[in-house]
Structures are given as structure tokens and as C-alpha cells.
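[1] 3D model of this:
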Amino acid sequence: MRIKAHLRAAGVKFRELEHAPTRTSEQSAAARGEDLSVGAKALLLSTDGRFRLFVLPADRRLDSTAVRRHLGVRRSRFATADELKELTGLVPGAVPPFGEPILPFEIYADESVGVRTDRVAFNAGSLTHSIIMAASDWESVARPSRFRFAKM
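    Model prediction:
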């Protein structure tokens with residue numbers, strides 16, 4: 001609900017889709033009827049003990065070395081399911097690609113998000129609800145810092 005209210009307040013058009021529960025990016029793409037590359041996968045990482053949100057195309061993998069190098073940190077790891085639940089109230093696969101004011105984290109997006117496709121799709125805080133919107137609108141609302149950290 002907060003995501004939809006935030007998007008409406010920003011005057012952004014989006015399409016909401018309800019579907020069977022999906023746990024993976026591949027399942028979500030199939031449920032939406034979208035190519036996997038449209039998906040905006042949001043990952044919560046601890047970087048030297050500080051949690052940050054990283055968004056990359058769903059058909060790519062995280063390059064943790066690039067993250068550590070860019071941020072100047074020594075260690076990075078994915079948040080555990082328990083940490084994710086405690087920090088966001090969400091389960092793995094439900095994290096939307098938004099930092100403040102939706103989630104209390106700095107947000108970073110790979111340079112390729114919204115470049116290869118003109119839209120992004122993501123699970124919107126639930127495993128059964130997705131939002132599809134223009135990539136340019138997502139960029140203007142999410143306001144991520146960008147650098148390259150996705151790999152094939």
C-alpha cells in the first residue's frame with residue numbers, strides 16, 4: 001500500500017498485477033508475462049555491517065567484488081531471511097526496489113537497470129503482487145546511486 005501511495009503521490013503511472021506466490025525472479029517474470037530482463041531484483045546486503053539495497057536486472061547476478069571496490073568496504077554479504085524480516089518486515093523475494101521513504105536504506109542500481117528495457121517490474125512487498133512501470137518513472141521516484149555491479 002505504501003508503494004502505491006508513494007507512486008500515486010509522485011504522479012507516476014503503473015500497472016499492478018496479482019498472481020500466485022512467486023519466490024524466484026524466473027517465477028515472477030512468468031507470472032507477469034514479462035521477460036526476465038524487465039525484472040528489477042532488489043537485494044539487501046550488509047557491507048561492513050551497514051545494510052544497503054542493491055537493484056539489478058533479474059537476469060543478472062551480483063558482482064560482490066564490484067560492490068566492495070566501489071564502496072570501499074572489506075566485507076559484503078546477503079542479509080539473512082531473519083535479518084530481512086526484522087529490518088523490513090518482508091520475506092525473500094518480496095523486497096521492492098525502493099529506499100527511503102519505503103525502505104530505510106541507501107539504494108544503488110546497476111547501470112543497466114531500465115536501459116535494456118523501457119520498463120521495470122518487481123514484487124511490491126508481497127510474493128503475490130507485482131508492479132510494472134516505466135523505467136524512467138522508477139528512476140525518478142527511487143533516485144538510486146548508479147554504478148556497475150551486475151554480471152551475467
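[2] what's the closest non-adjacent residue to R15?
    Leaving out its chain neighbours, the residue that sits closest to R15 by CB to CB, 6 or more residues apart in numbering is I132, at 4.7 Å. C-betas here are computed from N, CA, C, even on glycine.
[3] That neighbour in helix, strand or coil?
    The three-state assignment at I132 reads strand, by DSSP: H, G, I helix; E, B strand; the rest coil.
[4] Next, count neighbours for F147.
    When neighbours are defined as other CB atoms under 10 Å, F147 has 15 of them.
[5] Roughly how far does L103 sit from E86?
    Here L103 is placed at a distance of 13 Å from E86 (CB to CB, to the nearest Å).
[6] re earlier: so what pLDDT did the residue nearest to R15 get?
    On pLDDT, I132 comes in at 97.
[7] Enumerate residues external to the host helix or strand of R146 that contact any of its residues.
    For R146, the element it lies in under DSSP states H and E is strand 145-147. Contacts to strand 145-147, defined as CB atoms under 8 Å, 6 or more residues apart in numbering, come from residues 66, 70, 106-111, 113.
[8] Quickly name whichever of these is closest to V120.
    V113 (6.7 Å; CB to CB).
[9] State the pLDDT value of that closest one.
    Looking at V113, its pLDDT reads 96.
[10] That one contacts D59, doesn't it?
    No - assessed by CB atoms under 8 Å, V113 is found out of contact with D59, at 11.2 Å.
[11] which of the contacts of strand 145-147 are buried?
    Buried residues within the contacts of strand 145-147, counting neighbours by 16 or more other CB atoms under 10 Å: 106-110, 113.
[12] Closest one of these to D48?
    Nearest to D48 out of these is E106 (CB to CB; 13.0 Å).
[13] tell me the contacts of the closest one?
    Residues in contact with E106 (CB under 8 Å, 6+ apart) are 52-53, 99, 145.
[14] Out of those, which sit inside strands?
    With DSSP state E as the criterion, strands contain 52-53, 145 from among the contacts of E106.
[15] ok, of those, which one's closest to H6?
    Of these, the one sitting nearest to H6 (CB to CB) turns out to be L53, at 15.0 Å.
[16] Report the beta-bridge partners for that closest one.
    For L53, the beta-bridge partners are L44, I107 (DSSP bridges).
[17] Now do the contacts for it.
    L53 neighbours (CB under 8 Å, 6+ apart): 42-45, 95, 97-99, 103, 105-108.
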